[in-house]
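J.: Starting from these lines, generate the structure:
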Amino acid sequence: MLRVLGAGPATAGALVALAAIVSIVATVAIPADTNPVRLLRWAAAYALTGGSVTVGCFAAVGFGVAGPTELAVLAFAATGLLFAVIAPANVVVSPRLPAGLRASALSRLMGTLVATEAAGAAVTGLAASAVGLLPVCSALGVPVAAAGAYALLALPADEPASSLRD
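T.: Numbering: from 1, shown residues only. Okay, the predicted model is just below:
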């Protein structure tokens, strides 16, 4: 990616830091709400926005529509939204798990997430070697955006806070 941007190693650190900052700000921006539907809408909107911006920016860089640096910065910033998705989801899921199973269930969930990320990184590396980095970076946002769009469409209208229990 750095060769594509014409940038040095410090740029990589700055881009990763930017994603982390956006994630923190986006997490703090989620309202303190007990309504599970609204919280899940926030998570879905973050997924849809982060995935769509990532796809659009990397595709635009790949097609030479705009300068790579500005769009790559925007794409990396958008990935910060994807890390913020977990906060409202945890608030909805955790109270619904029995107290005796909560820690082990969330540990398994996080372990599965990390294993999936590792497998995804390996497959992504192979795909990038075969077809190039920009198409792969752009394609990675498609399922995320699609999942966010589906969730927004599938969630019911706002309901009382107790509506999604059990």
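J.: On the C-terminal side of the helix or strand that contains residue 113, identify the next helix or strand.
T.: Using DSSP states H and E, residue 113 sits within helix 99-131. Per DSSP H and E, the first helix or strand lying C-terminal to helix 99-131 is helix 133-154.
J.: Pull out the buried positions in the helix or strand that contains residue 83.
T.: Assigned by DSSP H and E, residue 83 belongs to helix 68-84. Residues of helix 68-84 classed as buried: 68, 71-84 (neighbour count, 16 or more other CB atoms under 10 Å). From N, CA and C alone the C-beta is placed, and that goes for glycine too.
J.: got it, and stretch 120-129?
T.: By neighbour count on 16+ other CB under 10 Å, the buried set for stretch 120-129 is residue 124.
J.: roughly how far is stretch 146-154 from the heart of the chain?
T.: 13 Å (CA atoms, centre = their mean, to the nearest Å).
J.: which secondary element of this protein has the worst mean pLDDT?
T.: Evaluated with mean pLDDT, DSSP states H and E, the helix-and-strand set of the chain has its lowest mean pLDDT in helix 2-5, which scores a mean of 56.
J.: Just the C-alphas of the helix or strand following that one, formatted as CSV.
T.: The first helix or strand that comes after helix 2-5 along the chain, using DSSP H and E, is helix 9-29. What follows is helix 9-29, C-alpha atoms only, in CSV (Å, rounded to 0.1, in the frame of the first residue of the first chain):
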residue,chain,number,x,y,z
PRO,A,9,6.8,3.8,6.8
ALA,A,10,5.7,6.7,9.0
THR,A,11,2.6,6.9,6.8
ALA,A,12,1.6,3.4,7.8
GLY,A,13,1.8,4.3,11.4
ALA,A,14,-0.2,7.4,10.9
LEU,A,15,-2.9,5.6,8.9
VAL,A,16,-3.3,2.9,11.6
ALA,A,17,-3.4,5.6,14.3
LEU,A,18,-6.1,7.4,12.3
ALA,A,19,-8.2,4.3,12.2
ALA,A,20,-7.8,3.9,16.0
ILE,A,21,-8.7,7.5,16.6
VAL,A,22,-11.8,7.3,14.4
SER,A,23,-12.8,4.1,16.3
ILE,A,24,-12.5,5.8,19.7
VAL,A,25,-14.5,8.9,18.5
ALA,A,26,-17.2,6.8,16.8
THR,A,27,-17.6,4.6,19.9
VAL,A,28,-17.9,7.7,22.2
ALA,A,29,-20.5,9.1,19.7
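J.: No more questions from me, cheers.
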